[in-house]
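Q: Sequence first, predicted model second:
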Amino acid sequence: MKSSSRRIRYAVVGLGHIAQFAVLPAFAQAKKNSELAALVSGDPKKIRKVSEKYGVPAVSYDEFEQVVEREQIDAAYVALPNAQHREFTERAARVGVHVLCEKPMAIGERDCRAMIRACAKANVRLMIAYRLHLTPAHLEAVALARSGKLGNLRYFSSVFGMQVKARNIRTDASDGGGPLYDLGVYCINAARYLFGDEPMEVQGVTTATVGDRRFEEIEESATAVLRFPGERVAQFTCSFNSADCASLELVGTKGLLRMDPAFEYEDQLKWTLSQKGKNQERLFPKGDQFAAELIYFSNCILRHRDPEPDGNDGLADVRIVEAILRSAKTGRAVKIKAVRPQSQPRRSQRISRPPGSKRGLVKSTAPHS
């Protein structure tokens, strides 16, 4: 570790909406073991203004390696467009910097594997930013799924949609845009950790409205069916042209768990557990899920432990996204072989922090209306 203190010094790479709205403010709630030490961006105006706001140095992408050395950076939070995740993960690894990378991990299996190899070769930790792996609502859902109280798990269903704004990077295919990469990975990841297993086969359908310029390069929506061992099925729809929705259901032979909202980070999450004709509701208060990520990853670095949502977890989801897109293109189901047995989120990973204060954005807006 470069720094002599017990706080991990971070460079946040990319100053888009998620970085400015959620990641940067989260450091105030994670200051026991995490410190914002540098900012990296390709926009000169952002560099100047965000640097002044947070009182830390900011540099261009070309100066990343120099600021790592100068500011004794321990870890990088990669919050760039999806297509740039591989480049900066590899660059960070080459200079001995641990990587917390936003999801999706990358836009292809080849890039994911290259990122894993680079971090392994450099002996640095790689975590994919699956914030829900640390969130009480989802960790309790995993525990419920394992407890047998729902009976034998049979199927999973989810919807996740929004109205994406025109000219947003999420509608740019070259940046790795599209609802499957942006939203579908949440549904895929949740199905995998709630079932505690990997799908064997996927089938997908995509749609796009003719004449809507937002969907000239990407699909508008995607619906997928995933077959799991034990005759279990997961299905989901994700969309960039729908009313806001973000829910999931896990159904067993003895009960049903519904979460609505299920994937948000600004609102409280809600459970409805249905068993024997009775419904039990449970509310999980708002919290700073990004501060939890920073705290968890910093602890992994300080304690020399591998994070649970690691590169293989990110790779598994990306491979499934690719398989869904292949299926949608060919009209045929696609068989998929698991990367390897995945570790699962555990209750011991639970980290709760109260909601943090938000600050104004510099040349950045929310991706959806």
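A: That came through, no problem.

Q: Going by C-alpha atoms from here, please, whenever you check contacts or count neighbours.
A: Fine.

Q: Can you pull out the low-pLDDT segments for the chain?
A: Low-confidence segments of the chain, defined by pLDDT under 70: 1-5, 340-342, 358-360, 363-369.

Q: quick one, domains of it?
A: Annotated domains of the chain cover 8-131+290-309, 135-284+317-335 [automatic domain parsing].

Q: Let me have those in TSV, extended by mean neighbour count.
A: What follows is the domains of the chain, written out as TSV (neighbours: other C-alpha atoms under 10 Å):
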stretch	mean neighbour count
domain 8-131+290-309	21
domain 135-284+317-335	19
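
Q: For Leu361, find the nearest of these.
A: Between Leu361 and the domains of the chain, the tightest spacing by C-alpha to C-alpha is seen for domain 8-131+290-309, at 6.2 Å.

Q: need the domains of the chain in a markdown table with distance to Ser348, can you?
A: Formatted as a markdown table, the domains of the chain follow (distance: least, C-alpha to C-alpha, whole Å):
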| stretch | distance to Ser348 |
| --- | --- |
| domain 8-131+290-309 | 11 |
| domain 135-284+317-335 | 9 |
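
Q: Any idea which of those gets closest to Pro354?
A: domain 8-131+290-309 (8.1 Å).

Q: Just the endpoints, please. Distance across that closest one?
A: End-to-end distance for domain 8-131+290-309: 19 Å, by C-alpha to C-alpha, to the nearest Å.

Q: Next, please give the residue ranges for the helices of this protein.
A: Assigned by DSSP state H, the helices in the chain fall at 17-18, 24-26, 44-54, 64-70, 85-94, 109-122, 136-147, 179, 185-195, 289-302, 311-330.

Q: Which one of the domains of the chain lies nearest to Arg353?
A: Per C-alpha to C-alpha, nearest to Arg353 of the domains of the chain: domain 8-131+290-309, 6.7 Å.

Q: Surely Tyr61 touches Asp43?
A: No. Counting by C-alpha atoms under 8 Å, Tyr61 sits too far from Asp43 to count as a contact (9.3 Å).

Q: that older thread, looking at the helices of the chain, spot the one closest to Met259.
A: Ranking these by proximity to Met259 (C-alpha to C-alpha) places helix 136-147 first, at 8.6 Å.

Q: packing partners for the closest one?
A: helix 185-195, strand 269-275 (3 or more C-alpha pairs under 8 Å, 6 or more residues apart in numbering; DSSP states H and E).

Q: Restricting to C-alpha, output that helix in CSV.
A: Output of helix 136-147 as CSV, limited to C-alpha atoms (Å, rounded to 0.1, in the frame of the first residue of the first chain):
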residue,chain,number,x,y,z
PRO,A,136,-29.5,-4.9,3.9
ALA,A,137,-32.6,-5.5,1.7
HIS,A,138,-30.8,-7.7,-0.7
LEU,A,139,-28.6,-9.5,1.8
GLU,A,140,-31.8,-10.4,3.8
ALA,A,141,-33.4,-11.6,0.5
VAL,A,142,-30.4,-13.9,-0.1
ALA,A,143,-30.7,-15.3,3.5
LEU,A,144,-34.5,-15.8,3.0
ALA,A,145,-33.9,-17.6,-0.3
ARG,A,146,-31.4,-20.0,1.5
SER,A,147,-33.6,-20.5,4.6
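
Q: Could you quantify the relative orientation of that helix and helix 289-302 as an angle?
A: 70 degrees (axes from the mean of the first three to the mean of the last three C-alpha atoms, to 10 degrees).

Q: centre of the chain versus helix 136-147, how much separation?
A: 19 Å (C-alpha atoms, centre = their mean, to the nearest Å).

Q: Check stretch 169-188 too.
A: 11 Å.

Q: hmm, who's touching it?
A: Applying C-alpha atoms under 8 Å, 6 or more residues apart in numbering, the contact partners of stretch 169-188 are 81-84, 103-104, 106-107, 158-161, 164, 214-215, 217-222, 236-240, 248, 263, 317-318, 320-321, 367.

Q: What of stretch 338-355?
A: 29, 133-136, 139-140, 142-143, 193, 196-200, 286-289, 291-292, 296, 308-309, 312-313, 315-316.

Q: again, 6 Å this time
A: Under the contact criterion C-alpha atoms under 6 Å, 6 or more residues apart in numbering, stretch 338-355 has outside partners His133, Leu134, Pro136, Leu139, Glu198, Gly287, Asp288, Ala292.

Q: Buried residues, that stretch. List them.
A: Buried residues in stretch 338-355, counted by 16 or more other C-alpha atoms under 10 Å: Gln342, Gln344, Pro345, Arg347, Gln349, Arg350, Ile351, Ser352, Arg353, Pro355.

Q: which one of those is nearest Ile116?
A: Distances from Ile116 to the buried residues of stretch 338-355, taken as C-alpha to C-alpha, are shortest for Gln342 (14.9 Å).

Q: could I get the buried residues of stretch 338-355 as CSV with distance to Gly96?
A: As requested, the buried residues of stretch 338-355 are exported to CSV (distance: C-alpha to C-alpha, whole Å):
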residue, distance to Gly96
Gln342, 26
Gln344, 27
Pro345, 27
Arg347, 31
Gln349, 26
Arg350, 28
Ile351, 27
Ser352, 29
Arg353, 29
Pro355, 32
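
Q: from the residues you listed, which single one is nearest His17?
A: Pro355 (17.4 Å).

Q: what separates the closest one from Asp267, distance-wise?
A: Counting by C-alpha to C-alpha, the gap from Pro355 to Asp267 is 10 Å.
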